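1. when you get a sec, could you give me coordinates for this:
(chains A and B)
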2 protein chains.
Amino acid sequence: MSIRVQKTFEALFELEEIRGIFRDSLPTGLSAEEEAAFRQRIGNLKAIVADLEAGTGTPKVTKIAGTLDVRSREEQYINIHPIQAAGRLTTEARKAIISYGDGYSTCDACRKPFRLDKISKPGIAEFHADLAKWLNMDHARVVPGARRGFQAVTGTLVNKGDSVIVSALAHYTEFLSVENAGGVIKEVPLNAKNIVTGEATAQKIEEVKTETGKLPVLVMIDHFDYQFANEHEIREIGKVAHQYDIPFLYNGAYTVGVQPVDGKKIGADFVVGSGHKSMASVAPSGVLATTKEWAPKALRTTAIVGDLTKRKFGIKEVELLGCTLMGGTLLSMIASFPAVKERVLHWDEQVKRSNYFIDRLLKISGSRVLSEYPRRHTLTKVDTTGSFDTVAKTHKRRGFYFSDELSSRGIVGEFAGATRTWKLNTYGLSEKQVHYLADAFTEIAEKFELPVTK
Amino acid sequence: MSIRVQKTFEALFELEEIRGIFRDSLPTGLSAEEEAAFRQRIGNLKAIVADLEAGTGTPKVTKIAGTLDVRSREEQYINIHPIQAAGRLTTEARKAIISYGDGYSTCDACRKPFRLDKISKPGIAEFHADLAKWLNMDHARVVPGARRGFQAVTGTLVNKGDSVIVSALAHYTEFLSVENAGGVIKEVPLNAKNIVTGEATAQKIEEVKTETGKLPVLVMIDHFDYQFANEHEIREIGKVAHQYDIPFLYNGAYTVGVQPVDGKKIGADFVVGSGHKSMASVAPSGVLATTKEWAPKALRTTAIVGDLTKRKFGIKEVELLGCTLMGGTLLSMIASFPAVKERVLHWDEQVKRSNYFIDRLLKISGSRVLSEYPRRHTLTKVDTTGSFDTVAKTHKRRGFYFSDELSSRGIVGEFAGATRTWKLNTYGLSEKQVHYLADAFTEIAEKFELPVTK
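-> Residues are numbered from 1 along each chain as shown, chains lettered A, B, ... in the order given. This next block holds a predicted model:
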């Protein structure tokens, strides 16, 4: 770790030690002993800041809680990890979790009717309203990850043996949410370009109807899938679902938070997004949005009554099990939200950089892109069997030579050792970072004498 | 906010701005422009640290992301909030979320078989093994809150119409987890001392059997309940459940993380705990532990297959929907764990302080304790109708006078405005803090001329 980054963490940690002194003190102020400890810590802090400024010194803190390495991946490297790119916290989110990390930190001013999305201080209620509006849906709730959004919907709609339409590229969490509800998966085939079309969806619905005698109870399709990040015919699929009167869940795990999403325009009955994947938030977090037609079902409130005490629990929502993200996860979503709303407006720039990188990669002879091309997303599946893998075949480090070369250039997030088909994500890289990234790939190719088109 | 606490936050936030500069830079180092921004930020930081040391200056940062107040409740006050006390982060946990806050931060070195609890760097696999051992159970998994642990168990065991035994003081999330699975709640009555006994549980099981012709499918009981934090006959209840061959879920939301819990000794088939309530962790987090007998059911792996692609998803667990806490939440649990393991060994001191406070409260004439007494827990329901509420009756601020008096003494976490029956939690207070707390109550009583026994 660079000494500056190291000292930045040490300064942060020293300040947390100082916070600890305040936490252990009386409201009346520090005791003589605490004051001495405070002075000592301030002395440490000043020395760390001096080192930080000068870029001097040696690492003093290398572990958290005795075992955890300090994670400086985002400070030290360009990270092209397929699922980490858009979940990196914004600076404001990092401040929010410093301030709101403690357990039930959302509950300071929780009043009747005692539900997370009704809390007005901090502005959780307002955030929920903004979130729904931003997605152009009627209601929004936060959930512990997109998967818990799928679960709430399958839990509502799917009974034992019911069919659910998903894509042949559906994520495993969609499978599991259907399995959990006792449903049966029915996959829509891809066309020759690895795209799920409206037509294929209609055909699959017909097949299910013929085969089972019943219509599927839900169509759940990813706008961009996790394998290729190809764009599927989401509006046509929405239309088809509605022609059959089947509710449509739009899986926006790879869109909500990085590009504009208009739920009504898509014809979505449910929009699901991921906080830690695409909304610059602490995991697990996500969003489930729905329409006023579906809210009474998917967001139904508890009806169960204690047989003895006759207790009821008012407006707690059954599928959400009441409150969901009652602490730092939610506060990180709220703190990132202004930046997230802004960044989706600049999605075109991100796509442009994605294409810039892929174009440069394709100049390295033998490289291929397995995702649709030109790219419409920043996540891409590439095939370097004909380029970087040819080196791996004879290199003593095998495919790991490639990881070594990347990391020596400050690039991480590739699947270590993989030189055939693998995925990368350029999301969030600036112009200069994406140029640096492309140059690094060219350099590695040239180093190993792979032909590069100029 | 005291200027020192204010400046501590400002220094932390300035360091996050500095981190932001590193994040936006190239791996080769800062550009001239970034270097200038860095110098500027270091200048700011030094000024803040000087103010922090001297206790001077004025607040410069009062909002995060433009809208969120800086939360300094734990630095400024003694917090007796019923559910927040044991969820406050340890200093190491605060360091961990600084370092590991970013979205999927656990996934840097995720390798086959791609499951959270198998990751060895950071030591997530080891933590899971330690957690199981610490609870004296065979397997442990992390979950997004205790409620998601209940849900995994009801999802496994409860079919439509099945009866589940809970206590007449069961938490609403237990109700909802049963409702979610289509089950029926059957409450065990309390004895005259508001305790759930083994005998009453046996009797309730018999009643359900007679009434429905079937045995309940699950007994789910809180060791200490959320209303009174009374200790229930958990070992006897476990024994009774086993006599009927009914699986027993031990709800340790108020025990796991604050007092020693031995799952096997209790006879628990499932132990559920809460990270944000009792394990000094970021919400939502928790633990579900089970035995080797029940693991194949509750932790069953996916069996669903894509009808078209024949895809399967290996060892992903259905009830957990695969990975659960893939970021800062889990890292906060891991970072707090050494301190948590240590603190449970000193639970007796916490109970002693709880009793010290309650004894002092009872000296204020007219005050009562509604929980069992002497206390066996730090959470207590009190009744001050005969003491502090008599002042509220004629005070122009009504019950809020009491909140005003507490907060002017640096105490928060009471239910604002409540002066009749309310709950407080002394967990985590040091000897001097609990004395301060008791003295403050006495002072308020004396100020309003309520008789106080010496």
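2. quick one: secondary structure of residue A:330?
-> Secondary structure assignment for residue A:330 (DSSP: H, G, I helix; E, B strand; the rest coil): helix.
3. can you tell me the element residue A:208 falls in?
-> Using DSSP states H and E, residue A:208 maps to helix A:198-212.
4. which secondary structure elements does that helix sit against?
-> If you count contacts as 3 or more Cβ pairs under 8 Å, 6 or more residues apart in numbering or on different chains; DSSP states H and E, helix A:198-212 packs onto strand A:163-167, strand A:184-188, strand A:218-222, helix A:234-243. Bear in mind the C-beta positions are built from the backbone N, C-alpha and C, glycine included.
5. rerun at 7 Å
-> Counting contacts by 3 or more Cβ pairs under 7 Å, 6 or more residues apart in numbering or on different chains; DSSP states H and E, helix A:198-212 packs against strand A:163-167, strand A:184-188, helix A:234-243.
6. gap between the nearest residue to residue A:193 once chain neighbours are set aside and residue B:299?
-> Leaving out its chain neighbours, the residue that sits closest to residue A:193 by Cβ to Cβ, 6 or more residues apart in numbering or on different chains is residue A:372, at 6.2 Å. In this view, residue A:372 and residue B:299 are 38 Å apart by Cβ to Cβ, to the nearest Å.
7. and what of residue A:332?
-> 29 Å.
8. what about those two, which has more around it?
-> residue A:332 (37 against 20; other Cβ atoms under 10 Å in any protein chain shown).
9. residue contacts, the more buried one?
-> Listed by Cβ atoms under 7 Å, 6 or more residues apart in numbering or on different chains, the contact partners of residue A:332 are A:89, A:93, A:96-97, A:281-282, B:101.
10. picking up where we left off before, can you tell me which of the helices and strands packed on helix A:198-212 is most buried?
-> strand A:163-167 (a mean of 28; mean count of other Cβ atoms under 10 Å in any protein chain shown).
11. would you reformat the helices and strands packed on helix A:198-212 as TSV and include distance to chain B?
-> Below are the helices and strands packed on helix A:198-212 laid out as TSV (distance: least, Cβ to the nearest Cβ, whole Å):
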stretch	distance to chain B
strand A:163-167	8
strand A:184-188	4
helix A:234-243	16
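12. nearest to residue A:355, out of these?
-> helix A:234-243 (21.0 Å; Cβ to Cβ).
13. list the buried residues for the helix holding residue A:208?
-> For helix A:198-212, burial by neighbour count (16 or more other Cβ atoms under 10 Å in any protein chain shown) applies to A:198, A:200-202, A:204-205, A:208.
14. now stretch A:2-22
-> A:3-22.
15. same for chain B: which of those residues are within range?
-> The residues of those that also fall near chain B, by Cβ under 7 Å from any Cβ of the partner chain, are A:5, A:8-9, A:11-13, A:15-20, A:22.
16. dump these into TSV; add distance to residue A:424, pLDDT and secondary structure as well.
-> Listed next are these as TSV, based on distance: Cβ to Cβ, whole Å; pLDDT from 0 to 100; DSSP: H, G, I helix; E, B strand; the rest coil:
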residue	distance to residue A:424	pLDDT	secondary structure
A:5	23	98	helix
A:8	27	98	helix
A:9	27	98	helix
A:11	33	98	helix
A:12	30	98	helix
A:13	32	98	helix
A:15	35	98	helix
A:16	34	98	helix
A:17	38	98	helix
A:18	40	98	helix
A:19	38	98	helix
A:20	40	98	helix
A:22	44	98	helix
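17. for the residues you listed, which one is nearest residue B:45?
-> Closest to residue B:45 out of these is residue A:11 (7.8 Å), distances taken as Cβ to Cβ.
18. centroid-nearest residue for chain A?
-> Taking Cα atoms, centre = their mean, the centroid of chain A lies closest to residue A:277, which sits 0.6 Å from it.
19. quick one: secondary structure of it?
-> helix.
20. where in the stretch 201-350 of chain A is pLDDT low?
-> For the stretch 201-350 of chain A, no stretch has pLDDT under 70.
21. now the helices for it?
-> Using DSSP state H, counting those that start in this stretch, the helices of the stretch 201-350 of chain A run over residues A:234-243, A:263-266, A:275-278, A:295-298, A:328-344, A:347-362.
22. hmm, who's touching stretch A:157-173?
-> A:146-147, A:150, A:154, A:174, A:178, A:181-190, A:196, A:201, A:204-205, A:208, A:212, A:216-222, A:225-227, A:232, A:247, B:308-309, B:313, B:316, B:321-322.
23. residues near residue A:62, how many?
-> Neighbour count of residue A:62, defined by other Cβ under 10 Å: 12.
24. check contacts around it.
-> When contacts are counted by Cβ under 7 Å, 6+ apart, residue A:62 touches residue A:70.
25. how much space is there between it and residue B:99?
-> In terms of Cβ to Cβ, residue A:62 sits 12 Å off from residue B:99.
26. how about the residues of the stretch 201-350 of chain A by chain B?
-> A:276-277, A:281-284, A:302, A:304, A:306-309, A:313, A:316, A:318-319, A:321-322, A:324-329, A:331-332, A:334-335, A:338.
27. among these, name the buried ones.
-> A:276-277, A:281-284, A:302, A:304, A:306-308, A:313, A:316, A:318-319, A:321-322, A:324-329, A:331-332, A:334-335.
28. give me the subset of these lying in strands.
-> Applying DSSP state E to these, no entry is found in strands.
29. buried residues, stretch A:281-298. List them.
-> A:281-291, A:294-295, A:298.
30. likewise stretch A:381-399?
-> A:381-385, A:387-392, A:395, A:399.
31. can you redo those as JSON lines with pLDDT?
-> JSON lines is the format used below for these (pLDDT from 0 to 100):
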{"residue": "A:381", "pLDDT": "98"}
{"residue": "A:382", "pLDDT": "98"}
{"residue": "A:383", "pLDDT": "98"}
{"residue": "A:384", "pLDDT": "98"}
{"residue": "A:385", "pLDDT": "98"}
{"residue": "A:387", "pLDDT": "98"}
{"residue": "A:388", "pLDDT": "98"}
{"residue": "A:389", "pLDDT": "98"}
{"residue": "A:390", "pLDDT": "97"}
{"residue": "A:391", "pLDDT": "97"}
{"residue": "A:392", "pLDDT": "96"}
{"residue": "A:395", "pLDDT": "97"}
{"residue": "A:399", "pLDDT": "96"}
